[in-house]
Structures are given as C-alpha cells and as structure tokens.
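Engineer: let's see this in three dimensions:
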Amino acid sequence: MVILLLVFCPLVWGQGSVVFLNPGKADESFWQDVDTFAAVAAKQLDLDLQTFHSERNHYSKLKYIEWMIENQQLPDYLMLVNERQALPRMLSLLEGHAVYVVVILNDLDEEQLALRKLNPHWQKYLLSSLVPNNYAIGYATAQAMHAAAEGGGGDAVIISGDKATPASVAREAGAEAFFLQQTSINMRQIVYGQWDEQRSYYQTKVLLQRYPQLRFLWAANDHMAFGSLKAIKEAGKQAGKDIFVGTVNTSAKALELRETGEISALGGGHFSAAGLALNLIYLHQLGKPIPATVNSNMFQLLVPGTQEYQQLKDKNWSDISFDTLLLERDKSFNFPVVQ
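Structural biologist: Residues are numbered from 1 along each chain as shown. Prediction:
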C-alpha cells in the first residue's frame with residue numbers, strides 16, 4: 001500500500017537528500033529514539049532526511065528499493081542496516097546506481113565486505129559503516145547485573161533477539177561470555193525472543209518453571225525485558241531482589257524501571273547511530289575525507305542520577321553541535337563509554 005501511494009505521490013528531494021531504511025517498527029521505542037535523534041541532526045546539518053519503516057518486514061525494504069530504482073526516486077544517500085542479513089541483497093539491487101550508502105548498527109561480515117572492496121562501484125559508493133560494540137555492552141550489562149546481586153551465584157538465562165542479526169549475535173555472545181566466566185553462575189539456556197515483548201513474556205513463564213532457582217535474566221532489548229518482568233511478577237518473584245534483569249535500550253519505560261531497580265543493569269546510546277551517520281554524510285558533501293569504518297563509541301552503562309542519564313531522559317538534543325559530533329565526540333556528546 002505504501003509503495004502504491006508513492007506512485008501517485010513521488011518524492012521531491014532537496015539538497016543533500018537522504019533516505020533511512022529503518023528496519024524496525026515506527027512505534028518501537030528504540031527506533032523512535034533513532035528517528036528523533038536523526039531528525040534533529042538532519043535539521044541542523046541542512047540535510048533532506050526521509051525515513052521508511054519496514055515494520056520488521058525485511059521484504060518490504062527490498063520492494064521499496066526496487067520502487068525507488070524503477071521510478072528514478074533514489075536519493076543522494078541511503079542509510080542501511082544489515083538486519084537479518086538483508087544488506088547483501090539490498091546492495092545487489094543498488095549496484096550500478098549512483099547513490100552513496102552508509103551502513104549503520106549492523107555491518108556486512110568480513111567476507112562480504114572484502115568482496116565489496118574489490119568492486120569498483122562500491123569502492124566509490126559504499127562510503128562508510130558505523131557500528132557500535134555490541135559484544136562489549138552485552139558483557140558489561142551482564143557484569144553489572146552480577147554486581148547488583150553483590151556477586152551472588154545462581155542460574156542464568158539469556159533471551160536473545162534473533163540468530164541472524166549481527167548486533168544480536170554479538171550482544172548475546174558478550175553476555176554469555178561473562179556468565180560462563182563466573183564459577184558461581186550456571187548458564188542454563190539461550191532462547192530467541194525475536195525482539196518481541198509478548199514472545200519474551202511466554203518464554204520467561206516457561207523458563208521460570210524450568211529453572212526454579214533462576215537468579216539472572218538477560219534480555220537483548222528493553223521490550224523483551226518488559227515481557228520478562230511481567231512474567232517474573234506473575235510468578236510471585238521480585239525483580240531486583242529475587243531475579244536480576246539486565247537489558248539494552250533507552251526507552252522512557254526502561255529508564256524508569258532502571259531507577260526503581262526492577263532493571264538492575266541497562267545499556268544504551270546506540271540510538272545515536274543514524275545521527276552520527278548524517279554527520280559523515282555532511283562531511284562527505286563538503287568534500288572532506290571520511291573513514292571507511294567509524295569506531296565511534298556509542299554504548300554506555302546507564303546510571304540513575306548522572307548528568308548523562310538525565311540527558312537521555314530529557315531527550316533534548318538541541319545543544320549538540322552535529323557538525324563536529326564525530327570529530328569532537330567527547331566534548332559534544334559526553335557519554336562514559338564501554339570499550
């Protein structure tokens with residue numbers, strides 16, 4: 001339906017046109033934060049940004065790219081995410097077309113990237129990738145959960161996102177690595193909640209029955225953690241006392257639950273990826289060189305009462321100088337980061 005409507009309402013591009021193919025749902029808290037931060041960046045940098053949400057339907061992203069090509073509606077730049085390993089197919093559709101690509105959040109794997117670097121087209125048009133350290137934040141949040149339990153032991157489970165998305169795989173691996181290193185923790189099981197709150201709720205109900213001594217529950221995103229917390233409460237247990245929960249993302253609800261202690265460890269900050277990518281595009285437009293890979297620090301452990309925590313709650317990004325955000329990251333967006 002969206003594509004049919006666009007046939008009758010063609011896109012009209014301004015200078016520095018950018019399309020962000022957002023793989024998430026428009027009403028998901030994380031992707032809303034991504035969109036809001038990017039919108040402020042685009043306005044300040046005078047870039048024409050439009051966002052298409054695939055609503056977790058990766059086929060729709062491919063159809064949208066096909067539509068833009070067929071109707072000569074490609075922008076100057078595309079921001080893409082390798083969600084569920086869809087990026088190679090998107091790049092195949094785009095090859096031969098004069099549109100610059102910046103990859104955020106989930107990159108190609110090393111083999112795929114090496115092949116693109118040998119391709120003359122992508123040597124020019126695949127500008128850069130900006131990917132946070134998901135392994136590090138998975139490890140750090142698991143470690144913080146353990147610290148919240150004052151180093152106590154017990155059974156642990158992981159509710160990961162999915163088996164294909166690189167961020168999910170790395171984040172899960174980090175959490176699992178920490179748990180396996182602790183002789184007092186029994187790493188029991190990894191399940192896949194597909195980033196969905198209701199699915200995680202039902203999975204947690206089963207896990208609580210399967211592991212009556214469950215002490216640590218780590219979830220790859222906040223929505224899955226919300227589902228788990230509901231199941232924990234219904235089981236007559238108290239999060240933050242009987243079971244320690246750790247997760248990632250900076251939704252208002254997640255921040256509130258971190259303050260109350262129901263979430264014992266929370267990581268976030270990677271919602272800034274699209275805004276940082278727009279900074280790269282801005283620099284490219286000015287004719288300045290940009291790196292093929294940006295190892296920009298995005299993640300942090302979120303601690304209530306800190307200035308950075310309050311900044312995330314307020315979501316007021318108007319004071320950030322986006323034109324120097326990557327060049328002076330520590331000065332303009334001062335998150336204590338997880339290396």
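Engineer: going forward, measure contacts and count neighbours with C-alpha atoms only.
Structural biologist: OK.
Engineer: tell me the pLDDT at the residue nearest to Lys313 when sequence neighbours are not counted?
Structural biologist: Leaving out its chain neighbours, the residue that sits closest to Lys313 by Cα to Cα, 6 or more residues apart in numbering is Ala252, at 6.6 Å. The confidence metric pLDDT takes the value 92 at Ala252.
Engineer: and if you look at Val7?
Structural biologist: 43.
Engineer: roughly how far does the residue nearest to Lys313 sit from Phe179?
Structural biologist: 28 Å (Cα to Cα, to the nearest Å).
Engineer: again with Ala239
Structural biologist: 19 Å.
Engineer: then Pro166?
Structural biologist: 20 Å.
Engineer: who's more crowded, these two?
Structural biologist: Counted by other Cα atoms under 10 Å, Pro166 and Phe179 do not tie: Phe179 has more neighbours, with 25 against 21.
Engineer: wait, the more buried one touches Arg188, no?
Structural biologist: No: Phe179 is beyond contact range of Arg188, at 9.8 Å (criterion: Cα atoms under 8 Å).
Engineer: what about Lys61, how many neighbours?
Structural biologist: 22.
Engineer: quick one: contacts for Leu80?
Structural biologist: By Cα atoms under 8 Å, 6 or more residues apart in numbering, the contact list for Leu80 reads 20-22, 87, 101-104.
Engineer: per-residue pLDDT, it?
Structural biologist: pLDDT at Leu80 comes out at 97.
Engineer: who does it bridge with?
Structural biologist: Beta bridges link Leu80 to Val103 when assigned by DSSP bridges.
Engineer: returning to what we had before: shared neighbours of Phe179 and Arg188, anything?
Structural biologist: Ala156.
Engineer: what ranges do the strands span in the stretch 151-300 of the chain?
Structural biologist: With DSSP state E, counting those that start in this stretch as the criterion, the stretch 151-300 of the chain has strands at 154-160, 185-192, 214-219, 244-248, 265-268, 293-294, 300-301.
Engineer: any chance of TSV for these, columns distance to Gly275 and mean pLDDT?
Structural biologist: Shown next, in TSV, are these (distance: least, Cα to Cα, whole Å; pLDDT from 0 to 100):
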stretch	distance to Gly275	mean pLDDT
strand 154-160	26	98
strand 185-192	29	98
strand 214-219	25	98
strand 244-248	19	98
strand 265-268	15	96
strand 293-294	13	84
strand 300-301	17	93
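Engineer: most packed of the ones you listed?
Structural biologist: strand 244-248 (a mean of 30; mean count of other Cα atoms under 10 Å).
Engineer: what residues does that one touch?
Structural biologist: Strand 244-248 is contacted from outside by 141-142, 144-146, 148-149, 215-222, 225, 239, 262-268, using Cα under 8 Å, 6+ apart.
Engineer: rewinding a little: just put the strands of the stretch 151-300 of the chain in a markdown table and tack on distance to Leu325.
Structural biologist: A markdown table is the format used below for the strands of the stretch 151-300 of the chain (distance: least, Cα to Cα, whole Å):
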| stretch | distance to Leu325 |
| --- | --- |
| strand 154-160 | 31 |
| strand 185-192 | 35 |
| strand 214-219 | 30 |
| strand 244-248 | 23 |
| strand 265-268 | 18 |
| strand 293-294 | 12 |
| strand 300-301 | 17 |
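Engineer: nearest to Val131, of the ones you listed?
Structural biologist: Nearest to Val131 among the strands of the stretch 151-300 of the chain is strand 293-294 (7.3 Å), distances taken as Cα to Cα.
Engineer: now what about that closest one, what contacts it?
Structural biologist: Against strand 293-294 from outside (Cα under 8 Å, 6+ apart): 128-131.
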